[in-house]
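# The following block contains a protein sequence and its predicted model.
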Amino acid sequence: MSIMKLTASTLAITALTATAAAARDNVQVAGSSTVLPYASIVAEAFGENFEFPTPVVESGGSSAGLKRFCEGVGENTIDIANASRAIREKEIAACAENGVNDIIEVRIGYDGIVFASQLDGPDYTAFEPADIFNALAPKVLVDGELVDNPHTMWSDFNADLPSEEILAFIPGTKHGTREVFEEKVVAAGCEATGAHDAMIAAGMSEDEAEDACLAVRGDGRAVDIDGDYTETLARIDANANGIGVFGLAFYENNTDKLKVATMSGVEPTTESIAEGEYPVSRPLYFYIKAAHIGVIPGLKEFAEFFVADEVAGPDGPLAAYGLVSDPALADVQSTVMDEVTMGQ
Amino acid sequence: MTDATHGTPLRNKGKSILEVDARTKKRNAAEARFKGYGIAAIGISLFFLVSLLIAIISNGIPAFTQTFVNVEVELLEEKLDKNGNRDIADIKKVSTFGYKPLIENAMVKAAEGIETELSDKDLSKILSASAAAILRDYVIANPDQIGETVEFRLLTSSRVDGYMKGRVVREDLARDKNLDAAHLDLIDVMVERGAVERVFNWDFITGSDASESRPEQAGIGVSMLGSFFMMLVVLVLALPIGVAASIYLEEFAPQNRFTDLIEVNISNLAAVPSIVFGILGLAVFIQFAHLPQSAPIVGGLTLTLMTLPTIVISTRASLKAVPPSIRDAALGVGASKMQAIFHHVLPLAMPGILTGTIIGLAQALGETAPLLLIGMVGYIATNYPEGVTSGFLDPNSAMPAQIYEWAKRADPAFYERAWGGIIVLLVFLLTMNLIAIILRRRFERRW
């Protein structure tokens, strides 16, 4: 029965190699798909310049990454979670429950969120937060009355905008980008149009009004995109009258297909974001599990390399790809150097 | 007979056998219509197949060539080895960022005599970001070359490569900050001089994944190895387990409710969506058994679960196809049941079993969904495995997962590589199916 013997021995070998899973020697990163390009650029350069193996970077979204990050301490959990938003109190509590108490928060820079449409499509070249709110909110203010959104054309509420059907592709709720879109655009538009005040006048509490301000109409004119920006791009390609929400870096890589709209009269560029003029930007973070420093080889070196001047600085490869570098990079560097955990 | 003697004709009077009556006409027309539907159905599927193939080939072929530029780089001693003692530790301290000035100088020299409005600094945008790493690797391997001028063959950036392939035109670059139309004028001159050329891209087939800033460097080689190690796990586990299970079920197991239940469930399992196996793999192999994440062994184990039912079903079918007379003859001359099966039935069923296994493997090779959940999608396939153990345990991706990952990335050059990856994957699948067909043709016996 040579076949049987062969089978038995191969099975045994497989089992052995599996159980003898040697100590992990590469850094594992997961999280935001917005941070993924930056993390992969750093990981590649890290692998080239150091003796450590190239770190593994997975995507999946900020929330999914932080969830895996908080699963516990140990070699089969990830070392770094990328996030396009700050970690939430709830997530810190979930982390603590699983023994992940010491988290180092590292801000790597800023990312602009832009509204872009088909290059040859209608003239969507200038938006105000109020326009986006009027187009996408379920309830808007018309003639001083709070009514179900009656707008079907952009020109219905702003004569300067083209008379095209409203169709917007916005990031789905699992993306960190959605939160920024809601806070910096929809909520701002809600305030600007006076809908927020009208809601309070109608008897809502402050909190309720704020929540109501963030809602998006559900009649198919605002489409949630749960995938990546490539999916939004494909939708824009197929819908000449659609506008999409993209990261600045993605737009800059696809200027042959997309044109960008100004927000409040400011064009999104790395400069206008760095100076704080362009309103829709957000910081990008990664979170390090402090308990893994010293256990996983290269973890601290990777984090330090990530925020080094030559990488994350204004002339580094990350800025060249579209990251707006952090003016307070030196503080971030010392946070990583001294392993300052959150709440310390 | 009686009718005939009475002389009454069988058919209607005045109707020739050569004349088609209305009913027959109708039936013939129905047949013709059905043939028409069939041909239309085949035509539609052929149309889709051909348009799919044309799309794949026309989008993917460009990925197999790549634009290179030959540049002479002066390896300045004051930048690379300040102490001048050629100490390898000191040389290694100079990071890839320290090689940037050398590349800028080299590009200025390469563009000498060509009129351009570009600043000296912007000239190096023609080159891929990988240039610095290539130089550094070369200097570390040949420290004695410091101070010399060496000719390098470097990748151009993805935009320049796109221009050479006709994907990028000057108008596209109007608002692109990565490259200017002026760069393309420069490229035109360099092509005439023979410094820039587009050649077959072996690195795409053998190389590793690259970060988002340098799609020109990305290759599918490492993820191909990932797929290979996964298939090895599937073959080593699924074939013996599947064959043993089917032989027992087919030849030894008593026919009762319990075995019926097992049979029904194996058929059901074959129809379970593959993503379900991914969740199972995550829960059992990673969270419970603590196997490493993103490792081909976990991918292989997960795909084994998916492939097992396919193998069991095809093995049972081919065992059933062996005529009972073979078993009876073997038992009749005194063989035990096991001898009858292993010496006579199994060898005859082998071609069918192998065909089923290869088809199952091909299916597993093209599977992406379960790999999403066990962490094999992302920026992963960057290190070549150092050996067999590392091949099973170190993080790696697989071909379909790599294609999915490329299709998601921002730079259009990655999109081209995703199509190229599809061609490579299809070549593998077609080869496997071809082997299955050949095996069946050569060894299958009919009774």
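In hand now; what should we look at?
# can we go C-alpha only for contacts and neighbour counts from here?
Fine.
# who touches the one residue in chain A that gets nearest to chain B in this structure?
Nearest residue of chain A to chain B: residue A:58, at 4.2 Å (C-alpha to the nearest C-alpha). Applying C-alpha atoms under 8 Å, 6 or more residues apart in numbering or on different chains, we find residue A:58 in contact with A:29, A:30, A:31, A:36, B:375, B:376, B:377, B:378, B:379, B:380.
# Which one of those is nearest to residue B:44?
Distance to residue B:44 across these (C-alpha to C-alpha) is lowest for residue B:377, with 34.6 Å.
# excluding its backbone neighbours, what's nearest that closest one?
Excluding the flanking residues, the one nearest residue B:377 by C-alpha to C-alpha, 6 or more residues apart in numbering or on different chains is residue B:401, at 5.6 Å.
# Could you list the residues of chain A in contact with chain B?
Contact residues (C-alpha under 8 Å from any C-alpha of the partner chain) of chain A with chain B: A:7, A:10-11, A:17-19, A:21, A:37-38, A:40-41, A:44-45, A:48-49, A:53-59, A:76, A:228-231, A:250, A:252-256, A:310, A:321.
# out of these, which are inside strands?
A:56, A:57, A:58 (DSSP state E).
# Next, format those residues as JSON lines and append pLDDT.
JSON lines is the format used below for these (pLDDT from 0 to 100):
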{"residue": "A:56", "pLDDT": "91"}
{"residue": "A:57", "pLDDT": "93"}
{"residue": "A:58", "pLDDT": "89"}
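# Output those residues in TSV; the columns should cover distance to residue B:422.
Below are these laid out as TSV (distance: C-alpha to C-alpha, whole Å):
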residue	distance to residue B:422
A:56	23
A:57	23
A:58	21
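# Please settle this for me: is residue A:146 part of a helix?
No. Using DSSP: H, G, I helix; E, B strand; the rest coil, the assignment for residue A:146 is strand, not a helix.
# Tell me how many other residues crowd the residue nearest to residue B:377.
Other residues within reach of residue B:401, judged by other C-alpha atoms under 10 Å in any protein chain shown, total 23.
# Please, which helix or strand holds it?
Element membership for residue B:401, per DSSP states H and E: helix B:399-408.
# Residue 267: how many residues sit nearby?
No chain in the question, so chain A it is. Neighbour count of residue A:267, defined by other C-alpha under 10 Å: 19.
# hm, I was asking about chain B
Number of residues near residue B:267 (other C-alpha under 10 Å) recorded here: 14.
# Confirm it sits in a helix?
Yes. The assignment for residue B:267 by three-state DSSP puts it in a helix.
# ok, the nearest residue to residue A:217 once chain neighbours are set aside - contacts?
Nearest residue to residue A:217, sequence neighbours excluded (C-alpha to C-alpha, 6+ apart): residue A:138, at 4.0 Å. Residue A:138 is in contact with A:148, A:149, A:215, A:216, A:217, A:218, counting by C-alpha under 8 Å, 6+ apart.
# Is it correct that the fourth one is in contact with residue A:222?
When you say that, I think you mean residue A:216. Yes. Counting by C-alpha atoms under 8 Å, residue A:222 is a contact partner of residue A:216 at 7.0 Å.
# quick one: common contacting residues for those two?
residue A:136.
# what's the distance between the residue positioned nearest the centre of chain A and residue A:248?
In chain A, the centroid-proximal residue (C-alpha atoms, centre = their mean) is residue A:84; its distance is 3.5 Å. Counting by C-alpha to C-alpha, to the nearest Å, the gap from residue A:84 to residue A:248 is 13 Å.
# again, but for residue B:137
Counting by C-alpha to C-alpha - residue B:137 and residue A:248 are separated by 33 Å.
# same question, residue B:245
56 Å.
# Could you check which of those two is surrounded by more residues?
Regarding residue B:245 and residue A:248, a neighbour count based on other C-alpha under 10 Å identifies residue A:248 as having more, with 24 against 17.
# Could you point out the helix or strand that follows the lengthiest strand in chain A?
Longest strand in chain A by number of residues (criterion: DSSP E): strand A:103-118. Once strand A:103-118 ends, the next helix or strand along the chain (criterion: DSSP H and E) is strand A:126-127.
# Counting by contacts, list what the host helix or strand of residue A:177 packs against.
Using DSSP H and E, residue A:177 falls within helix A:176-180. In terms of contacts (3 or more C-alpha pairs under 8 Å, 6 or more residues apart in numbering or on different chains; DSSP states H and E), helix A:176-180 is packed against strand A:168-171.
# Just checking: what are the partner strands of the strand it packs on?
Strand A:168-171 sits in its sheet next to strand A:222-225 (parallel), strand A:243-247 (parallel), going by DSSP bridges.
# Only alpha carbons, please: show whichever strand or helix holds residue B:66 as PDB.
Per DSSP H and E: residue B:66 is located in strand B:65-74. Extracted as PDB, the C-alpha positions of strand B:65-74 are listed here (Å, rounded to 0.1, in the frame of the first residue of the first chain):
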ATOM      1  CA  THR B  65       5.600  44.400 -22.800                       C
ATOM      2  CA  GLN B  66       7.300  47.100 -20.800                       C
ATOM      3  CA  THR B  67       9.200  50.300 -21.600                       C
ATOM      4  CA  PHE B  68      12.800  50.500 -20.500                       C
ATOM      5  CA  VAL B  69      15.300  53.300 -20.700                       C
ATOM      6  CA  ASN B  70      19.100  52.900 -20.800                       C
ATOM      7  CA  VAL B  71      20.700  55.400 -18.600                       C
ATOM      8  CA  GLU B  72      24.300  55.900 -17.600                       C
ATOM      9  CA  VAL B  73      24.500  56.600 -13.900                       C
ATOM     10  CA  GLU B  74      27.600  58.000 -12.200                       C
END
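# By proximity to chain A, which residue of the stretch 51-200 of chain B wins?
Counting by C-alpha to the nearest C-alpha, the stretch 51-200 of chain B gets nearest chain A through residue B:172, at 4.7 Å.
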